[in-house]
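1. Got a sequence here, can you model it:
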Amino acid sequence: MTLNPPFQITPRLLPGLNIGGAWVQLQYCKSRDEDRQSYRWTIDLPDGSEHAGNDLSSGCGGGGLQSGFASLLSFLGACAESVAYGRRAGHPGENADLFPPAVAEWADQNSDEIAMMACEVEETAGLIEE
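-> Take a look at the predicted model:
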């Protein structure tokens, strides 16, 4: 596997992105459906807390790590937008609970960097060569 910037090998020895001092990492995991690829995501926040889940899947036909990262960043962006909406509206947005509260707060604080990274990952082919 070859990683091109902005991807890096993380302290967990996984492909990842450093966003706002946090490591956003992704790896393949056992698929629940033979037509979709499942991923395990891990986010290590700057405060040292670790958050993980295996609830991310590709669309039909599977997908590589780069497309998995694009999906993960999209969900992080939706969560951040919902947290910001909740702060303004006084009641939680519908996507505010996509991630644990600490990750949602971090995503809100780093929403611009997440959005820029999402664009780069979605629009630049070959950032991860498997």
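2. from here on, contacts and neighbour counts on C-alpha atoms
-> OK.
3. Could you list every helix and strand that the longest helix belonging to the chain packs against?
-> Ranked by residue count, the top helix of the chain under DSSP state H comes out as helix 65-89. Using 3 or more C-alpha pairs under 8 Å, 6 or more residues apart in numbering; DSSP states H and E as the contact test, the elements touching helix 65-89 are strand 22-29, strand 50-57, helix 101-109, helix 111-123.
4. got the contact list for the last one?
-> Same thing as helix 111-123. Applying C-alpha atoms under 8 Å, 6 or more residues apart in numbering, the external contacts of helix 111-123 come out as 19-20, 66-67, 69-70, 73-74, 76-77, 80-81, 107, 127.
5. Go ahead and flag the most central residue of this structure.
-> Leu72 (3.2 Å; C-alpha atoms, centre = their mean).
6. got the end-to-end distance for stretch 120-130?
-> 18 Å (C-alpha to C-alpha, to the nearest Å).
7. Go through it and flag the buried ones.
-> For stretch 120-130, a neighbour-count test (16 or more other C-alpha atoms under 10 Å) marks Val121, Glu122, Leu127, Ile128 as buried.
8. so how far is Pro101 from the last one?
-> Ile128 sits at a distance of 29 Å from Pro101 (criterion: C-alpha to C-alpha).
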